[in-house]
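Enquirer: Here is my input; please provide its structure:
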Amino acid sequence: MIGRYVRLTIVLLAGLQLAGCYTDYGPVELEVRPVSLATGGVATQLHSGDRVKITVYGEEALTGEYDINPSGNVSMPLIGAIRAAGRTQADFARDVANRYRRGGLLQDPNVTVAVVQYQPFYILGEATRPGEYPFRSGLSVHAAVAMAGGVEGVSSDGTRLDCAWRSDSSARKIFLGAA
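Expert: The predicted model follows:
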């Protein structure tokens with residue numbers, strides 16, 4: 001008797017799952033657009049640990065180099081802390097200009113933001129010279145491995161390096177060849 005109820009429950013649950021998959025709008029067609037592999041148009045985001053130069057044209061006292069603190073903010077004169085991490089340079093520059101304008105401090109501020117120094121990255125594991133290395137724009141994983149002197153021998157599970165990018169301390173295992 002219990003087996004009968006178990007089978008009935010399984011059939012009922014399977015039917016409910018299949019019913020949830022039903023749609024009446026037909027197949028979905030996605031627009032296919034080519035993706036440019038050129039890095040010139042890629043908007044990179046700012047991260048904690050980056051150092052940026054903020055230029056407020058005509059206002060030398062406000063222009064300078066600032067560090068993005070661990071909480072992702074930059075402390076600016078007269079307007080305080082502004083969120084920078086996770087935003088593009090252009091978006092952050094617009095926000096700085098808007099803060100100076102809204103505060104009545106500048107009438108028509110012209111602000112630019114440029115990364116002076118990126119947060120370093122770390123190569124660990126089977127590298128010849130594991131350690132901390134300076135990040136630069138456009139750096140690929142293969143170029144980073146070359147900076148660390150390449151791969152030293154083969155690990156037990158294949159050629160492996162552990163790379164930690166940015167401050168989230170997450171390491172990714174990167175396989176560079178067949179075992």
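Enquirer: Now do the lengthiest helix in the chain: which elements does it pack against?
Expert: Across the chain, the helix with the greatest residue count (assigned by DSSP state H) is helix 2-20. If contacts are counted by 3 or more Cβ pairs under 8 Å, 6 or more residues apart in numbering; DSSP states H and E, helix 2-20 sits against no helix or strand. Placement of C-beta: from N, CA and C, glycine included.
Enquirer: domains of the protein?
Expert: Domain assignment for the chain, taken from automatic domain parsing, gives 43-117, 121-175.
Enquirer: Out of the ones you listed, flag the one nearest residue 1.
Expert: With respect to residue 1, and counting by Cβ to Cβ, the nearest of the domains of the chain is domain 121-175 at 51.8 Å.
Enquirer: ok, now which ones touch the closest residue to residue 134 other than its chain neighbours?
Expert: With Cβ to Cβ, 6 or more residues apart in numbering as the criterion, residue 134 has its nearest non-adjacent residue at 5.5 Å, and that residue is residue 120. If a contact means Cβ atoms under 8 Å, 6 or more residues apart in numbering, then residue 120 has 49, 132, 133, 134, 135 as its contacts.
Enquirer: so what's the second one bridging to?
Expert: So the one you mean is residue 132. Listed by DSSP bridges, the beta-bridge partners for residue 132 are residue 122.
Enquirer: Could you give the number of residues near it?
Expert: 10 (other Cβ atoms under 10 Å).
Enquirer: The last one too?
Expert: Neighbourhood size, residue 135 [other Cβ under 10 Å]: 18.
Enquirer: And for the first one?
Expert: By the measure other Cβ under 10 Å, the count of residues near residue 49 is 18.
Enquirer: so it touches residue 119, yeah?
Expert: Yes: using Cβ atoms under 8 Å, residue 49 is in contact with residue 119, at 3.2 Å.
Enquirer: which residue ranges form the strands in the chain?
Expert: 51-56, 64-67, 73-76, 80-83, 111-117, 121-125, 131-133, 160-164, 171-175 (DSSP state E).
Enquirer: follow-up on the earlier one: out of the domains of the chain, which gets nearest to residue 2?
Expert: Closest of the domains of the chain to residue 2 is domain 121-175, at 47.0 Å (criterion: Cβ to Cβ).
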